[in-house]
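Asker: Predicted model and sequence follow; I will ask about them next.
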Amino acid sequence: MRYLRRQSLNRRGLTDRSVSVGVSGEIIMDRPYTLQLPIGSTVDRSPDTTEPTPGTIIPGTYVDGMIRYNSETDEFEGRQAGAWRSFRFKEPTAIVRQYLGVGDDFETTFGPLTPDPFTYTAASEVPTWNAEQMAQNLIVVNETIWQIGGIGYDFTVVQNPSYMHPVGTLNAGNPYAAGTYIKFAVAIATARPVYVYHNIGN
Amino acid sequence: MAIESHDILTSNTTLFTSVGNNAVTTIMFCNTAAYNPLNPTAGLAYLDLHFVKNLQGVTTTNLVVNQIPIQAAETFTFDTEKIILSNGDRVIASSSSPATLVATISTLEV
């Protein structure tokens, strides 16, 4: 006796559906216990290989949708959009407060930002992770005044400024160090401190 | 006769009555209900199967398949077990509601 369409791992247990493939190909795990994922270090992931024939999956080839537990990082990780990413849980991410110095009535550009928002991987629900979106994700305070980020607002984000420190500043005429900066629409008044808060909303 | 096909009712349905000696080679049961992936249990029917000796009635004593679930669009085969029937012996099946099961039985005169 056997079913033709349903396939079970237990060939002797006709009604055993602890792990089976249903009539339309869906995988069924019909027990209230647990699913043990593959566990291994980062190098245990076999390297990327090229498919010689379209549609052929070679063992070791990464495919979006794979999941495993990384024993090196102690993180669940999954393959998403061509990259391995760790799963996020509901715990909040630590907010980082960064002091960017004080104004001098001339300087409009403060930084570089640490962490650099350009190194973040955009969440899938963020359509475009660009300077405009980064500015909206940052909380910037000029002394006690909240600054609104975004084009046409109080500040924008610039990467590796191509211009020099403005006249009137200590470094006038010199280039900025490589990195990502806050660029205010107007110069910050003398002695006013600038703070940026990272990871808000993460 | 090589094969017979029958709708299986919710009451006892005779699939085959042996005339002389016959071997049942295969019985295939198919649930004709459409499979709905959003509701996999829709159309699920349970099958009972009896091999009934001549002049005897349908009882649990001659039950050989007890409430086997057959999902919509699924086929269940009784093909490994070979049963010899003598004259008057019957193969009888019944289904739970909905009565969407059909059966095809193949026999060989011996």
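Answerer: Received the coordinates, thanks. Residues are numbered from 1 along each chain as shown, chains lettered A, B, ... in the order given.

Asker: What parts of chain B come near chain A?
Answerer: B:35, B:37, B:40, B:65, B:68-81 (Cβ under 8 Å from any Cβ of the partner chain). All C-beta spots, glycine's among them, are computed from the backbone N, C-alpha and C.

Asker: Buried ones only from the residues you listed, please, as a PyMOL command.
Answerer: Command for PyMOL, covering only those of the residues of chain B next to chain A found buried under the criterion 16 or more other Cβ atoms under 10 Å in any protein chain shown:
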select buried, chain B and resi 35+40+65+68+69+70+71+72+73+74+75+76+78
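
Asker: In terms of helix, strand or coil, where does residue A:134 fall?
Answerer: In three-state terms, and counting by DSSP: H, G, I helix; E, B strand; the rest coil, residue A:134 is helix.

Asker: got any ranges where chain B has weak pLDDT?
Answerer: Screening chain B residue by residue with the criterion pLDDT under 70, one finds the ranges B:1.

Asker: all strands of it, in order?
Answerer: B:3-7, B:13-17, B:22-31, B:45-52, B:63-70, B:75-78, B:83-85, B:90-95, B:101-109 (DSSP state E).

Asker: now those strands as a markdown table including distance to residue A:178?
Answerer: Written out in a markdown table, the entries for those read as follows (distance: least, Cβ to Cβ, whole Å):
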| stretch | distance to residue A:178 |
| --- | --- |
| strand B:3-7 | 79 |
| strand B:13-17 | 82 |
| strand B:22-31 | 68 |
| strand B:45-52 | 70 |
| strand B:63-70 | 66 |
| strand B:75-78 | 67 |
| strand B:83-85 | 83 |
| strand B:90-95 | 75 |
| strand B:101-109 | 73 |
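
Asker: Residues touching the helix or strand bottoming out on mean pLDDT in chain A, excluding its own?
Answerer: Here the helix or strand of chain A ranked lowest by mean pLDDT, DSSP states H and E is strand A:7-8, holding a mean of 75. Here strand A:7-8 makes contact (Cβ atoms under 8 Å, 6 or more residues apart in numbering or on different chains) with A:14, A:16-21.
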